[in-house]
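Q: Here is my input; please provide its structure:
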Amino acid sequence: MTTELILSRPARPFIGEEMDLKTWDDVKPFFDDLLHRPLPDTDALRQWLHDRSELESYLSENFAWRYIRMTCDTADPGLVERFNFFVEEIQPHLSTYGNELDLRTVNSPFIDKLITDPKYAVMVRGMKKAIEIFREENIPLQTELQTREREYGATVGAMTVTLPNDAGVTEEITLPKASDRLFDTNRAVREEAWRAIWQRRYQDHEKLDALMTDLITLRHQVAQNAGFANFRDYSFAALGRFDYTPADCFNFHESVAQAVVPLLNELAVERKEAMNLSELRPWDTKVDVHGRPALEPFQTGEELLEKSVQCFDNLDSSGQLSGFLRTMRAMHHLDLESRKGKAPGGYNYPLEEIGVPFIFMNATSSLRDLVTMVHEGGHAIHSFLTRDLPLKAFRNPPMEVAELASMAMELLSMDHWDVFFENPEELRRARLQHLESIIETLPWIATIDKFQHWLYENPTHTITEREQNWLRIYDEFADNVTDWSGLETVKANIWQRQLHLYEVPFYYIEYGIAQLGAIGVWRNYRRDPEAGLQGYINALSLGYQATIPEIYAAANVPFDFSKEHISELMAFVSDEIKKLG
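A: Numbering: from 1, shown residues only. Below is the predicted model of the structure:
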């Protein structure tokens, strides 16, 4: 696939081609049909599942576009209203009907014949868990949660700072753009930007603390209603974590503390010495240690996209992977550049009907943005590779697999970043920075995940207790070189920058698990590029038709959190760093 294809959604034999969601009554008859239709044999059950998938795919994509448009412009009240309509008027019904349809599926006398096929067995396993935790009284709470969670994006998306530009003229800029100055070789410029960013964040720290308290209270009530001791245990069930437990997460934390944090300290010592600093401060952690200007792999969103297409072309000579990005470009399924009023962060949103996802990000011109683009590009590849699977359930893998797709692409593409850096020295620097970022990222993932466990194991904690335990956990995984003196209030509130804590609780350990898998995929690719890339594609193409360990095995990597395995992978990464010098 080397041309820009405009793809269309499949036909809608069940709900009809002209479906237009204006009220719940527009879709209710289809749910009632599914609820009451006779299912006399296995073929009828199979067709019924296809019809359910068609209806739910339509609704999923309808919601997706409301979310996408709202995050692209958080200041437009009409877009917020359209999103909230779905959350408040449609989703509560979907929860109730979804539970009843799950019950009808698992109670069918013909389901035993279907689940002899492993992919149906995986699907039904998830349905049974959803039935187990469903409670009618949680529907209004979940609606309230979704509305409250979006307050975070609106609050942070509105944050700007005023800083002087190159001409000395003060200008208002977004926090992502201000963050680019942390790569400036002038230490005073870095410090000014860092302090401005965190002073602006601190202005809203009480608001964000109060929001977190409210979210924890609501989430704990949801968990108790469903018969769980805490929201952590509820989340493991709701997220379908069949293949690992909280104890495995604690093992991951401990393994990272033992196998990765010492490497983090080594990097910090090397940085401090190379920069000839008496104290390494937080604004010194991103800049090039030899005083070279920040890497700028592109200037505009369009250039970022075009070079990403070339990068994927060079990675995959068949043109399949780059063709996916070309299709997204032709269909305007990208919004890449940072601007005021845009929600923070980046995502690849699957669109269940048409199967062509949407990439959203806040690019300026940094290496971080390049990594975000190929990361979300990995998610996009995943969406395309599962596009033709017949059921929505098969196309929705767990996050441990979804993030394997994205984080492995960061590393697979890295060997082809010469399209962004014609200068070999800049290319070397980019690769080195990214590999070092893995050593920095794994401890941060462990920090956030361990903090979440504490938050929800202790749901009635005070703000002071939250701060104390955040600092305790942070210090377990941070380097012991960076000097935070005089910046204690910032350090105590750094967790508020992590969107996941507010909007998608407990969705973060997946990044760590997937990072380990991604290193394994990259190591396979380094040993045999063709086989390594094919293993990656094989794993992604499964969607959710197998268990997580089976999907990882398809990529020829183990599903393993042990200290021994993490140490082995870190040795490989360290060797690669040494080769780059």
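Q: Pop out the phi and psi values for Met275.
A: With angles defined as degrees, to the nearest 10, Met275 sits at phi -90, psi 0.
Q: Give me the nearest residue to it, chain neighbours excluded.
A: The shortest distance from Met275 to any residue that is not its chain neighbour, by CB to CB, 6 or more residues apart in numbering, is 5.4 Å, and that residue is Val289. Backbone N, C-alpha and C define where each C-beta goes, glycine included.
Q: What of Phe572?
A: Among residues not flanking Phe572 along the chain, Arg523 sits closest, at 5.6 Å (CB to CB, 6+ apart).
Q: would you say the one you found is within a helix?
A: Yes - when the secondary structure is assigned by DSSP: H, G, I helix; E, B strand; the rest coil, Arg523 falls within a helix.
Q: measure it to Glu337 for me?
A: Going from Arg523 to Glu337 by CB to CB, to the nearest Å gives 34 Å.
Q: cool, Glu136 as well?
A: Using CB to CB, Glu136 is found at 44 Å from Glu337.
Q: so the residue nearest to Met275 is in which element?
A: When secondary structure is defined by DSSP states H and E, Val289 falls outside every helix and strand.
Q: Can you check the pLDDT for it?
A: Per-residue confidence at Val289 stands at 91 (pLDDT).
Q: since we're on it, how many residues are nearby?
A: The number of residues packed around Val289, counting by other CB atoms under 10 Å, is 15.
Q: try the one 4 residues further on
A: For Pro293, the tally of surrounding residues (other CB under 10 Å) stands at 11.
Q: try Thr441
A: Counted with other CB under 10 Å, Thr441 comes out at 15.
Q: Confirm it sits in a strand?
A: No - checked against three-state DSSP, Thr441 lies outside a strand; its state is helix.
Q: give the contact list for the nearest residue to it once chain neighbours are set aside.
A: Spatially, and ignoring its direct neighbours in sequence, Thr441 is nearest to Gln515 (6.7 Å; CB to CB, 6+ apart). The neighbours of Gln515, taking CB atoms under 8 Å, 6 or more residues apart in numbering as the test, are Glu403, Met407, Ile438, Thr441, Leu442, Ile445.
Q: Narrow these to just the buried residues.
A: Buried subset of the contacts of Gln515 (neighbour count, 16 or more other CB atoms under 10 Å): Glu403, Met407, Ile438, Leu442, Ile445.
Q: give me the low-pLDDT residue ranges for this protein?
A: Scanning the chain with the threshold set as pLDDT under 70 gives 1-4.
Q: All the strands of it, residue numbers only.
A: Per DSSP state E, the chain has strands spanning 160-164, 170-174, 334-337, 347-349, 358-363. These are given in chain order.
Q: Mind putting those strands into JSON lines with mean neighbour count and distance to Ala44?
A: Converted to JSON lines, the strands of the chain look like this (neighbours: other CB atoms under 10 Å; distance: least, CB to CB, whole Å):
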{"stretch": "strand 160-164", "mean neighbour count": "15", "distance to Ala44": "57"}
{"stretch": "strand 170-174", "mean neighbour count": "15", "distance to Ala44": "54"}
{"stretch": "strand 334-337", "mean neighbour count": "20", "distance to Ala44": "41"}
{"stretch": "strand 347-349", "mean neighbour count": "21", "distance to Ala44": "33"}
{"stretch": "strand 358-363", "mean neighbour count": "23", "distance to Ala44": "35"}
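Q: Quick check: Ile463 touching Leu208?
A: No - contact criterion CB atoms under 8 Å: Ile463 and Leu208 do not qualify, at 11.0 Å.
Q: okay, those two: which has more neighbours?
A: With neighbours defined as other CB under 10 Å, Ile463 and Leu208 compare such that Leu208 has more, 21 against 13.
Q: Now do the contacts for the more buried one.
A: Contact partners of Leu208, counting by CB under 8 Å, 6+ apart, are Tyr152, Thr155, Gln496, Tyr502.
Q: surely Met402 meets His379?
A: If you look again at residue 402, you'll see it is Ala, not Met. Yes - Ala402 sits in contact with His379 when judged by CB under 8 Å, with a separation of 6.4 Å.
Q: Run through who's touching stretch 483-492.
A: Stretch 483-492 is contacted by residues Trp198, Tyr202, Glu279, Leu280, Arg281, Pro282, Glu467, Trp470, Leu471, Tyr474 when judged by CB under 8 Å, 6+ apart.
Q: buried subset of the residues you listed?
A: Burial by neighbour count, 16+ other CB under 10 Å: within the contacts of stretch 483-492 this picks out Trp198, Tyr202, Leu280, Arg281, Pro282, Glu467, Trp470, Leu471, Tyr474.
Q: Please identify which pair of the residues you listed lies farthest apart.
A: Leu280 and Glu467 (23.5 Å; CB to CB).
Q: ok so, going back, can I get the strands of the chain in TSV with distance to Glu568?
A: Formatted as TSV, these follow (distance: least, CB to CB, whole Å):
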stretch	distance to Glu568
strand 160-164	43
strand 170-174	40
strand 334-337	36
strand 347-349	30
strand 358-363	33
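Q: For Leu455, find the nearest of these.
A: Closest among these, using CB to CB: strand 347-349, at 23.2 Å.
Q: ok, how many other residues are close to Arg472?
A: Burial of Arg472 is recorded as 12 neighbouring residues (other CB under 10 Å).
Q: residues in contact with it?
A: By CB under 8 Å, 6+ apart, Arg472 has no neighbours at all.
Q: Against Tyr234, how distant is the closest residue to Glu149 other than its chain neighbours?
A: Among residues not flanking Glu149 along the chain, Glu503 sits closest, at 4.7 Å (CB to CB, 6+ apart). Plainly put, Glu503 is 17 Å away from Tyr234 if you go by CB to CB.
Q: Just want to know which of those two has more residues nearby.
A: More crowded of Glu503 and Tyr234, by other CB under 10 Å: Tyr234, with 23 against 19.
Q: contacting residues around that one?
A: Ile133, Arg219, Val222, Ala223, Ala226, Phe228.
Q: Of these, which pair is most distant in space?
A: Ile133 and Arg219 (13.1 Å).
Q: Once you drop chain neighbours, what's closest to Arg190?
A: Once its chain neighbours are removed from consideration, Arg190 has its nearest residue in Trp283; the separation is 4.2 Å (CB to CB, 6+ apart).
Q: Please apply the same query to Leu215.
A: Of all residues beyond its chain neighbours, the one nearest Leu215 is Arg148 (6.1 Å), with distances taken as CB to CB, 6+ apart.
Q: what sits against that neighbour?
A: Residues Leu211, Asp214, Leu215, Leu218 are the ones in contact with Arg148 under the rule CB under 8 Å, 6+ apart.
Q: hmm, 7 Å instead?
A: Each residue near Arg148 by CB atoms under 7 Å, 6 or more residues apart in numbering is listed here: Leu211, Asp214, Leu215.
Q: Could you pick out the buried ones from the residues you listed?
A: When neighbours are counted using 16+ other CB under 10 Å, those contain these buried positions: Leu211, Leu215.
Q: among the contacts of Arg148, which are in helices?
A: Leu211, Asp214, Leu215 (DSSP state H).
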